[in-house]
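Asker: Sequence first, then the predicted structure, then my questions.
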Amino acid sequence: MEKPAVTDYTINPAIAKRWSPRTFANTPVAPEHLSSLFEAARWSASCYNDQPWNFIVGTTETPDTYNQILDCLVPFNVSWAKSAPVLILAIARTTFSHNNKLNDWAVYDVGQAVGTLAVQATSLGLYLHQMAGFDPAKAVANFNLPENFKPVAAIALGYIGDLDGLPEDIKIKELQPRTRNPISSFVFDKALS
């Protein structure tokens, strides 16, 4: 199943193809593909090139870590994310490494790294679904994170699966067309008029 974006202007095909499914095939993700994703994230831009992103990765081959991440998700997200072969926690180190001062841009930088990872995943035929529906305090406790490490998002990753295994309400959401606000609603520049 694919749901390419219907764009008003030409964009990179990997960006147009990227979307956030809630159904995943029971197919492991090859370690070299996982490495490729984090290599892409590694080259993302960041304030002072501090690279404040950290990722905890659980696969169905590493069930202890996988289940600890799954345990952090809200029940609705558990209902479908448990089919993904890879679960990830994206975490921001909230202090700069060069001076230990507060980095107010760490979460932004983690978002950029995950965005870069998402485009790389799409180019490899993988899909991810980023979630705010998780318990950050439970993530801190489950993984004994230091005080300056802030869980930002949970991510389900894998290959597109069959809709038949989904509850009906989630299946309906999966079949809805993708929509976005028009550019004019968020860019304020006379040059684009």
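Answerer: Nice, thanks for sending it over.
Asker: Assign the most centrally placed residue in the chain to helix, strand or coil.
Answerer: The residue lying closest to the centre of the chain (CA atoms, centre = their mean) is residue 130, at 3.7 Å. Classification of residue 130 by DSSP: H, G, I helix; E, B strand; the rest coil places it in strand.
Asker: So what's the residue count around residue 44?
Answerer: Here the number of neighbours of residue 44 (other CB atoms under 10 Å) works out to 17. C-beta coordinates here come from the backbone N, C-alpha and C atoms, glycine included.
Asker: So it versus residue 136, what's the distance?
Answerer: Going from residue 44 to residue 136 by CB to CB, to the nearest Å gives 22 Å.
Asker: Next one: the residue nearest to the centre of the chain from residue 187, what distance?
Answerer: 23 Å.
Asker: Can you name the residues that contact the residue nearest to residue 135 when sequence neighbours are not counted?
Answerer: Closest residue in space to residue 135, ignoring its immediate chain neighbours: residue 72 at 5.3 Å, by CB to CB, 6 or more residues apart in numbering. Contacts for residue 72 (CB atoms under 8 Å, 6 or more residues apart in numbering) come out as 89, 134-136, 138-139, 142, 151, 154.
Asker: Name the member of those residues with the most neighbours.
Answerer: Counting neighbours by other CB under 10 Å, the top entry in those is residue 154, with 26 neighbours.
Asker: That one belongs to a helix?
Answerer: No: going by three-state DSSP, the assignment for residue 154 is strand, not a helix.
Asker: For it, give me its contacts.
Answerer: Neighbouring residues of residue 154 by CB under 8 Å, 6+ apart: 69, 72-73, 77, 81, 87-90, 130-131, 133-134, 139.
Asker: Columns pLDDT on top of those, output as a markdown table?
Answerer: What follows is the contacts of residue 154, written out as a markdown table (pLDDT from 0 to 100):
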| residue | pLDDT |
| --- | --- |
| 69 | 98 |
| 72 | 98 |
| 73 | 98 |
| 77 | 96 |
| 81 | 96 |
| 87 | 98 |
| 88 | 98 |
| 89 | 98 |
| 90 | 98 |
| 130 | 98 |
| 131 | 98 |
| 133 | 98 |
| 134 | 98 |
| 139 | 98 |
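Asker: Among the residues you listed, which are located in strands?
Answerer: 87-90, 130-131 (DSSP state E).
Asker: Which one of those is nearest to residue 35?
Answerer: Among those, residue 88 lies closest to residue 35 (CB to CB), at 13.4 Å.
Asker: That closest one - how many residues pack around it?
Answerer: Applying other CB under 10 Å, we find 25 residues neighbouring residue 88.
Asker: Pretty sure it sits against residue 68.
Answerer: No: checked against CB atoms under 8 Å, the pair residue 88 and residue 68 is beyond contact range at 11.9 Å.
Asker: any residues in contact with both of those two?
Answerer: residue 58.
Asker: buried sites along the helix or strand of the chain at the bottom of the mean pLDDT ranking?
Answerer: None of the helices or strands of the chain scores lower by mean pLDDT, DSSP states H and E than helix 168-175, at a mean of 84. Across helix 168-175, burial judged by 16 or more other CB atoms under 10 Å covers 170, 174.
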